[in-house]
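Trainee: coords please:
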Amino acid sequence: MKYVLMFTGSQDDPSPSPEVYGRIMEWFQTNGSKIVGGEELQGTSTATTVRFKDGKPVVTDGPFIETKEVISGYAEVEVADLDEAIALAKGWPGQGAVEIRPTIHHGPS
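Mentor: Below you'll find the predicted structure:
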């Protein structure tokens, strides 16, 4: 089953120290056989949002919602079940939180 692990942090948090960043890279290497995709995201100052008003797209600079917590990256993992996804999240060495969501498959098996 595929899940997306979304790594969150606060806009007020400093960037991870080289030591913490090293542990994050080690986490990705250790769990590489289960990770099928993912990336670190640039900051919210680089975000562009497309909203729809009266059926027409409106493009604005910035994230879709103003918040202190932001998604800083994600990993798509393929694991047996939610328990295994939770075990991966529990080992995350970064700051903030890890949100776990199952994906929805819309194609042929």
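Trainee: CA atoms for contacts and neighbours, from now on please.
Mentor: Fine.
Trainee: Any idea what the closest residue to residue 102 other than its chain neighbours is bridged to?
Mentor: Leaving out its chain neighbours, the residue that sits closest to residue 102 by CA to CA, 6 or more residues apart in numbering is residue 3, at 4.1 Å. When bridges are assigned using DSSP bridges, the partners listed for residue 3 are residue 77, residue 102.
Trainee: what sits against residue 3?
Mentor: Taking CA atoms under 8 Å, 6 or more residues apart in numbering as the contact definition, residue 3 lies against 76, 77, 78, 79, 85, 100, 101, 102, 103.
Trainee: again, only this time at 6 Å
Mentor: For residue 3, the set of contacting residues under the criterion of CA atoms under 6 Å, 6 or more residues apart in numbering consists of 76, 77, 101, 102, 103.
Trainee: quick one: the last one from residue 75, how far?
Mentor: So the one you mean is residue 103. As defined by CA to CA, to the nearest Å, residue 103 lies at a distance of 12 Å from residue 75.
Trainee: Comparing the two, which residue is more hemmed in?
Mentor: Neighbours around residue 103 and residue 75, counted as other CA atoms under 10 Å, are more numerous at residue 75. The numbers are 19 against 12.
Trainee: Can you give me the buried ones in stretch 87-94?
Mentor: The neighbour-count check on stretch 87-94 (16 or more other CA atoms under 10 Å) flags 88, 89, 92, 94 as buried.
Trainee: Now do the same for residue 86: helix, strand or coil?
Mentor: Classification of residue 86 by DSSP: H, G, I helix; E, B strand; the rest coil places it in helix.
Trainee: Who's the closest spatial neighbour of it, skipping the chain neighbours?
Mentor: For residue 86, the nearest residue in space outside its immediate sequence neighbours is residue 100; the separation is 7.6 Å by CA to CA, 6+ apart.
Trainee: Could you count how many residues lie near the one you found?
Mentor: By the measure other CA under 10 Å, the count of residues near residue 100 is 19.
Trainee: Same question for residue 56.
Mentor: Residue 56 has 9 neighbouring residues, counting by other CA under 10 Å.
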